[in-house]
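1. Next comes the sequence, and after it the predicted model I'd like to discuss.
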Amino acid sequence: MKGNTLTPDTLLDAALMLAADRHWEAVRLYDVARHLNISLAEVHELISEKENLIDLLWDRADAHMLATCRGTEFDALDFPAQYEQCVMSWLACLAPHRRTVRQMLQVRLEPGHLHIQLPTLLRISRTVQWMRELCGREATFLKRASEEIALSTIFVTSAAGWINDDSEDARRTRHNLAFAIRQAVRLGRLWPDSTVDNSSDNR
């Protein structure tokens, strides 16, 4: 890559391009290096293992969400609508690579991969924390922990459904997500507000 700056994102873009024609599991860092005409030593200077590329993709989705879920219109939404927008924005960033994302998750969830499954749970928690920040959530201690569990469950369930959602603009995922978050609020699983305006149910 003479004349170009090599970054972790460069490696990710190359890996995603290669994965478009094969299973993610079949993409090797050697292939990425050869595609970019660089050495494995140069790859190693930027990432320590292939799993880092998945985390980079999640980071990219986080950044997209943080850039799009902002402004006066977002701030004017009630919490369920804000959280819905956060999750859908995060997923929208991954939409061009939906098949590859499915394969990434399949590999991470294979039995015996605890060394990557546990970090994945922590990675999910990090994304949910950013969503809580965007939505201005203020719960603390046990209430915060309970809220994080509820929001993480809704996020993971929504992402799992989105993987195979062939509806236009992922409308089925959005509908199920909107129902789940408002149901959680109504049942008092989220704080500080345990109720929502009934009129918002008719959006």
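-> Looks like it arrived, so ask away. Just so it is clear, the model here is predicted, and its values are computed rather than measured.

2. where do the helices sit along the protein?
-> Counting by DSSP state H, one finds helices in the chain at the ranges 8-19, 29-36, 40-46, 51-68, 72-76, 79-94, 98-108, 114-134, 141-163, 171-186.

3. Adding mean neighbour count and mean pLDDT, write the ones you listed out as CSV.
-> C-beta coordinates here come from the backbone N, C-alpha and C atoms, glycine included. Listed next are the helices of the chain as CSV, based on neighbours: other Cβ atoms under 10 Å; pLDDT from 0 to 100:
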stretch, mean neighbour count, mean pLDDT
helix 8-19, 19, 98
helix 29-36, 16, 98
helix 40-46, 14, 98
helix 51-68, 17, 97
helix 72-76, 10, 97
helix 79-94, 22, 98
helix 98-108, 17, 92
helix 114-134, 15, 88
helix 141-163, 17, 95
helix 171-186, 18, 96
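
4. which residues touch the nearest residue to residue 86 once chain neighbours are set aside?
-> Counting by Cβ to Cβ, 6 or more residues apart in numbering, residue 131 is the residue found nearest to residue 86 once chain neighbours are left out, at 4.5 Å. Shown in contact with residue 131 (Cβ atoms under 8 Å, 6 or more residues apart in numbering): 65, 83, 86, 87, 90, 151, 155.

5. Kindly indicate which of those residues lies nearest residue 14.
-> Distance to residue 14 across the contacts of residue 131 (Cβ to Cβ) is lowest for residue 90, with 22.9 Å.

6. doesn't residue 66 make contact with that closest one?
-> No: counting by Cβ atoms under 8 Å, residue 90 does not reach residue 66; the two are 9.6 Å apart.

7. could I get stretch 30-38 in CSV with only the CA atoms?
-> The C-alpha coordinates for stretch 30-38 follow below in CSV (Å, rounded to 0.1, in the frame of the first residue of the first chain):
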residue,chain,number,x,y,z
TYR,A,30,-2.6,-13.8,5.3
ASP,A,31,-5.3,-13.2,2.7
VAL,A,32,-5.8,-9.7,4.0
ALA,A,33,-2.1,-9.0,3.9
ARG,A,34,-1.7,-10.3,0.4
HIS,A,35,-4.8,-8.3,-0.8
LEU,A,36,-3.2,-5.1,0.5
ASN,A,37,0.2,-6.1,-0.6
ILE,A,38,1.7,-5.8,2.8
